[in-house]
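Predicted structure and sequence below. I'll ask about it afterward.
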Amino acid sequence: MTRTRTAWLLAAAGALVATVAIRAAGTAPAQGATPAPVNPAQAVTPEPAPSQPPDVLFKDDVHAKAGLTCESCHGAKKAGGGYAMVARTTIAPMCAKCHADAAYMKTFAPQVRVDQYAQYQTSVHGRQMAKGETRVATCSDCHHAHGIVAVRDTRSPVTPPHVAQTCARCHADPARMTPFNRSPDIPGDWSKSVHAEALLKRGDSSAPTCSTCHGSHGATPPGAESVANVCAQCHVREADLFKKSKKADLFKSMGTGDCLTCHSNHHIEPPQASWIGLDDKAICTTCHDDKMPGAAVITSVRKGFDDLQSRMGEAQAVLDRAETAGMLVEEGKLALHNAAEAHVRMRVLVHTFAGPPFDEVLKEGLTAVAQANAAGVDAMNELQYRRRGLAVATLLILGFLATLFVKIRKLPK
Amino acid sequence: MSLRTWFAERLPVTEVQAAIAHKTVPQHRHTVWYYLGGMTLFFFIVQVVTGILLLLYYRPSSAEAYDSVQFIMTRVPFGWLVRSIHSWSANLMVGAAFAHLFSVLFLKAYRRPREMTWVSGVLLLFLVLGFGFTGYLLPWNELSYFATRVGTDIAGVVPGVGEFILTFLRGGKDISGATLTRFYGFHVAVLPAIATALIGLHLLLVQYPGMSVPPSVEEKSKREGRPVPAMPFVPHFALRDLFGWTVALALLAGLSAYLPWELGHKADPFASAPAGIQPEWYFLWTFQALKYVPAHILGIEGELVAIIVMGLGAVALVLLPFLDINTRRSRTVVTWLAIGALAFMAAMTLLAVRGNRP
């Protein structure tokens, strides 16, 4: 079962980049059109056709602002007027004339990169193009041809929130993917992932999109051997623990893609405690059952998560009640925050695939959540005490008022 | 020798006793408004007592102020109650002071020979607002920090001296720990000293000529040829006053226990101002009115014109007894002006509250 799953995962990973960018000859990429704000569900929407002629689009192009003209790329006008099209195979080398020239590029920006063409030549796109396969992506497919804006410009098709949509123009198109035997589902899968949600919904531009894992100019699929290294770019601690764990060698010998075994690749969901365990929904059961070694650790880790989570819920409820009633529960909230932090650390420590380090942090979490709960209960008790005190004080005040009232009524007119 | 005799040899105890015994308060259909002054005084006394208790733990520095208030509310026995009562009482005192001012205005109690009573009363109202403004910053929370910045910005608009006033109030260019310490100084030393002296003067001026009788009651009394009925100050009026104070105490206790005053989040001078920053409710009407002022009026900066108009309004309020020539017609004009001012303040406050709803 593990092998079947891994094979599928590898196939899906390979599909993203191995035959990337199948652009049908003659279907010029949309130019100048600013990608619409995307959400996960729309990440696979094809780009609309260019709305304006090239000379109009070029007015807003970074190259026009740098003093370049139509002739800079197209050469002199033809005898009958108009410019010759640039052949798709010559686009990247043409761009590289300037963009790979460090001395020239430094005149525009001191730290501008000049390795794009070198990277492109190592990519699946570049290697295919070198073989004369013009349906794969070249510079103008991702950056546009006449309305090019800087990558940091929010209108750019390759600024992080727009990258997936740009890749999806080809990679989500069955007509373009089928000739290369690649699945068009990958951008859609990514758009449902925790990464897409972070990038597109929460606006976290550090969240990974296609180019973060596959590279941009040097886009290639990470092989099973290097997946953990790719994930480790951000998930440093998890990767470190995993590499030191006994599972690292085991997964290697099985030829699985390390992280992918449990987390999948594109459709990466937020980790759940339910993934761990020996019941039907748990991922562990892909390899483990309750008779195998490690069953006790798996059960204990799952119980630890469930215990802490349910106690955190109880503590949160009592703190909310106290806070809604006007009590200050800052200390309880701090303790609950510590418990939540322990919960996050426990999730990281799962990558050790061992009980003791996990149990140690679980103990910290349970202590913190007990403190949070106690703070909430104390606050509720204090609230009751205050209300009883107020009731007594009100009775005394009312008694005094009644006495005063009687006294005032008895005063001579 | 009894204690009373011992004091009587040294102080005019007998004379004071006799004066109190003979003191009367006019009794008519508007008598109820007489209690508002005493009510304001009650809230002021509550402020003094709870303020002294808070002083025992409060630390006036930007690093410690918020934490010390939090400590008072969470660790000090009954600290939450003291702080909550102080905050609620401050608001109720402002409300009572405004109600007292308008009742005196409508009953024309500022007329000769009570001009100085009125002037000292209006100055006391300004002091109460000063207490509110300076005290609001002391917990050093997000709301108070940014509301104080907006409030002090307004002072900076005054031509010529605006920059000086702004720097003087803030202790620098922006709100900082220096602002907090000087607001603290104003709140617990300067303003209380002036207020104590003014309250003493105000009470003396109230007692000396006695309570004012509204013109309508005076005219009726003259028409009917009999004096305005009166009741003894002690015990009749004093017991009724005590009744009112006790109701106020019950209200304070209930509000403090069921709607404890929030502390909010600690001020972060480097954070951007949160949405919906507003001053305390009693400054809302000026805050809202300033929003409607056009950028320029007759070539002069609109905000400046508004500040000048409000300043002139405040001066006119102080000098009202000298501006009102005390004819039936002038009194009617004052009444309508007061109704207009009340309606304007209420409308602006409502608009500000509604505008701040999410």
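Alright, I've got the coordinates. No experiment lies behind these values; they were computed from the predicted model shown.

Help me confirm that A:Ala109 is found in a strand?
No. Counting by DSSP: H, G, I helix; E, B strand; the rest coil, A:Ala109 is not part of a strand but coil.

How many residues are close by it?
When neighbours are counted by other Cβ atoms under 10 Å in any protein chain shown, A:Ala109 registers 9. C-beta: built from backbone N, CA, C; applies to glycine.

okay, it: pLDDT?
As predicted, A:Ala109 sits at a pLDDT of 83.

Any regions of the stretch 201-350 of chain A where pLDDT drops low?
For the stretch 201-350 of chain A, the stretches flagged by pLDDT under 70 are A:223-225, A:257.

Show me which residues of it are close to chain B?
A:Gly326, A:Met327, A:Leu328, A:Glu330, A:Glu331 (Cβ under 8 Å from any Cβ of the partner chain).

Filter those down to the buried ones.
A:Gly326, A:Met327, A:Leu328, A:Glu331 (16 or more other Cβ atoms under 10 Å in any protein chain shown).

So which of those belong to strands?
Judged by DSSP state E, strands contain none of these.

Closest one of those residues to chain B?
Ranked by distance to chain B (Cβ to the nearest Cβ), those are led by A:Gly326 at 4.3 Å.

Go ahead and confirm the closest one touches B:Leu259.
Yes. Counting by Cβ atoms under 8 Å, A:Gly326 does reach B:Leu259; the two are 6.6 Å apart.

ok, back up a step: need the residues of the stretch 201-350 of chain A next to chain B in TSV (columns: distance to A:Val149).
Shown next, in TSV, are those (distance: Cβ to Cβ, whole Å):
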residue	distance to A:Val149
A:Gly326	52
A:Met327	53
A:Leu328	51
A:Glu330	47
A:Glu331	51
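
mind listing the helices for the stretch 151-300 of chain A?
With DSSP state H, counting those that start in this stretch, the ranges of helices along the stretch 151-300 of chain A come out as A:160-171, A:174-177, A:186-191, A:194-196, A:210-214, A:227-231, A:236-244, A:246-254, A:260-263, A:295-324.

what's the spacing between the first one and its chain's center?
What that stands for is helix A:160-171. 14 Å (Cα atoms, centre = their mean, to the nearest Å).

And the longest one, by the same measure?
For helix A:295-324, the distance from its own C-alpha centre to the chain's C-alpha centre is 26 Å (Cα atoms, centre = their mean).

cool, the fourth one as well?
Distance of helix A:194-196 from the chain centroid (Cα atoms, centre = their mean) equals 3 Å.

Same check on the second one?
Shown here is helix A:174-177, whose average C-alpha point lies 25 Å from the average C-alpha point of the whole chain (Cα atoms, centre = their mean).

which helices and strands sit right next to that helix?
Counting contacts by 3 or more Cβ pairs under 8 Å, 6 or more residues apart in numbering or on different chains; DSSP states H and E, helix A:174-177 packs against helix A:160-171.

With mean neighbour count as new columns, can the helices of the stretch 151-300 of chain A be given to me in JSON lines?
Formatted as JSON lines, the helices of the stretch 151-300 of chain A follow (neighbours: other Cβ atoms under 10 Å in any protein chain shown):
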{"stretch": "helix A:160-171", "mean neighbour count": "25"}
{"stretch": "helix A:174-177", "mean neighbour count": "16"}
{"stretch": "helix A:186-191", "mean neighbour count": "24"}
{"stretch": "helix A:194-196", "mean neighbour count": "21"}
{"stretch": "helix A:210-214", "mean neighbour count": "21"}
{"stretch": "helix A:227-231", "mean neighbour count": "21"}
{"stretch": "helix A:236-244", "mean neighbour count": "16"}
{"stretch": "helix A:246-254", "mean neighbour count": "15"}
{"stretch": "helix A:260-263", "mean neighbour count": "21"}
{"stretch": "helix A:295-324", "mean neighbour count": "17"}
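
The ones you listed into TSV, with extra columns for distance to A:Thr352?
Conversion of the helices of the stretch 151-300 of chain A to TSV gives the following (distance: least, Cβ to Cβ, whole Å):
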stretch	distance to A:Thr352
helix A:160-171	32
helix A:174-177	39
helix A:186-191	28
helix A:194-196	22
helix A:210-214	24
helix A:227-231	15
helix A:236-244	5
helix A:246-254	9
helix A:260-263	14
helix A:295-324	10
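
Go through those helices and name the closest to A:Pro357.
helix A:236-244 (8.5 Å; Cβ to Cβ).

same for that closest one, what does it pack against?
helix A:227-231, helix A:330-349.

hmm, who's touching stretch B:41-61?
B:65, B:67-69, B:71-72, B:76, B:79, B:82-83, B:85-86, B:89-90, B:92-93, B:96, B:131, B:138, B:177, B:180-181, B:184, B:188, B:192, B:195, B:199, B:203, B:244-245, B:248-249, B:252 (Cβ atoms under 8 Å, 6 or more residues apart in numbering or on different chains).

Spatially nearest residue to residue 274 (excluding sequence neighbours)?
I went with chain A, as the question did not name one. Leaving aside its chain neighbours, A:Ser274 sits nearest to A:Lys281 (5.4 Å; criterion: Cβ to Cβ, 6 or more residues apart in numbering or on different chains).

right idea, wrong chain: chain B
B:Glu142 is the one closest to B:Pro274 (Cβ to Cβ, 6+ apart), at 5.9 Å.
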